[in-house]
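A.B. asks: test case, fold it:
(one chain, ligands or ions: 1)
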Amino acid sequence: MHPIYNTKMNESIIDELSARVKALSAKTEQEIEDLRVRLLGKKGEITKLFEEFRTVPAEQKRLFGQRLNVLKNEALQQLNALRESLSAGDSAASGEDLTMPGDAMPLGSRHPISITREEILSIYKKFGYSVAEGPEIEDDWHVFGALNFPPEHPARDMQDTFFINNQTDNNILLRTHTSSIQVRTMEKGQLPIRVVCPGRVFRNEAISARAHCIFHQVEGLYIDKNVSFADLKQAVLLFAQEMFGPDTQIRLRPSYFPFTEPSAEVDVSCNICKGKGCNICKGTGWLEIMGCGMVDPNVLEANGIDSKVYSGFAFGMGVERIAMLKWQVKDLREYFENDVRFLQEFATVV
Ligand code: DAH
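C.D. replies: Below is the predicted model of the structure:
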């Protein structure tokens, strides 16, 4: 006997099909269509049951017919529901797990130059200095004239200047150092002065591992009554120890800048080999970090400050250089290329 003639068997086939219909899921339109064909197509499972309806004994026909119709409706409804949720973008129907954590978005990080600049400034802020900034496009007076570079002075050649030609003269230029902000601070006429001046500077230099046409400096200026070279030396030592560690030593070498007299170049003891000599300090045990000196009385006078009453010191350092020493960056160009592999190395520096 065909199983369909057995009432119990009929019921259980319908029950089982009904349970499967209610659990149907699909990820695409095509999958829904395949399910429809499998159930309700010409040779579909439900269609076959309808065909067998003819052979069901008369006393079972009513019940079996009712149950078949219910099953067919269930299948149609479920297929419709799948279609609707698919077009509504409901990913639950497609079996996606909405509780999965999202893809991590890579976060940007601070640039090493900006980290270093902030560290330098925060050290001086702690010492009571305030921060001043000035224009990148400057005039000859603020970059050279007021800083004791007379016209035709050979020291102007030390800094390869980008001039902005305005036809009549070469008076407008890109500042070659942040010492111009010293001048802008002094001309305000408020004394005493205790200021640090960060900024971008520009020099007409061929780009290489050790030189760039754009870089960053922090300038410092301290003017008051009775400021001495000993004060300068102490200020430089305290900065070096804050920046490079409490055991850091300094060494001053005589140098020349038009705006300071006497002038010095500051070296710090190499914090990599602890002074023994390595390839970073080229075997000397010392690393150059800044220029400094006592403000030349000519500079004070040019800016309206009485050099018989006031004295002061100034210093200037390259931010790239300090960052190179801190993280042993060997090639200056790395700072400007924005290679994320390089920048990511600083992501954990706070
Ligand atoms: N302006 C100098 C330069 O760009 C750096 C410098 C040296 C600044 C000595 C100073 C200083 O204030 O006293 O090379």
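A.B. asks: so where's the stretch 151-300 of the chain uncertain?
C.D. replies: Residue ranges of the stretch 151-300 of the chain with pLDDT under 70: 155, 158, 166-170.
A.B. asks: all the helices of it, residue numbers only.
C.D. replies: 179-186, 229-244, 297-302 (DSSP state H, counting those that start in this stretch).
A.B. asks: so is the longest one next to the ligand?
C.D. replies: Put plainly, it is helix 229-244. No: Helix 229-244 lies out of reach of the ligand by C-beta under 6 Å from any ligand atom, never closer than 9.0 Å. All C-beta atoms are positioned from the backbone trio N, CA, C, and that covers glycine.
A.B. asks: go through that helix and flag the buried ones.
C.D. replies: 231, 232, 233, 235, 236, 237, 239, 240, 241, 242, 243, 244 (16 or more other C-beta atoms under 10 Å).
A.B. asks: kindly report the same for the last one.
C.D. replies: Within helix 297-302, the residues scored as buried using 16+ other C-beta under 10 Å are 297, 298, 299, 300, 302.
A.B. asks: for residue 179, give me its contacts.
C.D. replies: 143, 147, 219, 259, 314, 316 (C-beta atoms under 8 Å, 6 or more residues apart in numbering).
A.B. asks: looks like the first one contacts residue 181 (just checking).
C.D. replies: No: with contact defined as C-beta atoms under 8 Å, residue 143 and residue 181 do not form a contacting pair (10.2 Å).
A.B. asks: which strands and helices sit next to the helix or strand containing residue 49?
C.D. replies: Here residue 49 sits within helix 45-53, counting by DSSP states H and E. For helix 45-53, the packing partners by 3 or more C-beta pairs under 8 Å, 6 or more residues apart in numbering; DSSP states H and E come out as helix 7-22, helix 29-40, helix 58-87.
A.B. asks: tell me what angle it forms with helix 58-87.
C.D. replies: Note on geometry: by axes from the mean of the first three to the mean of the last three C-alpha atoms, to 10 degrees, helix 45-53 and helix 58-87 are set 160 degrees apart in direction.
A.B. asks: and the residue of the stretch 1-150 of the chain closest to the ligand?
C.D. replies: residue 147 (8.1 Å; C-beta to the nearest ligand atom).
A.B. asks: how about that residue: what's its closest non-neighbour residue?
C.D. replies: Spatially, and ignoring its direct neighbours in sequence, residue 147 is nearest to residue 259 (4.1 Å; C-beta to C-beta, 6 or more residues apart in numbering).
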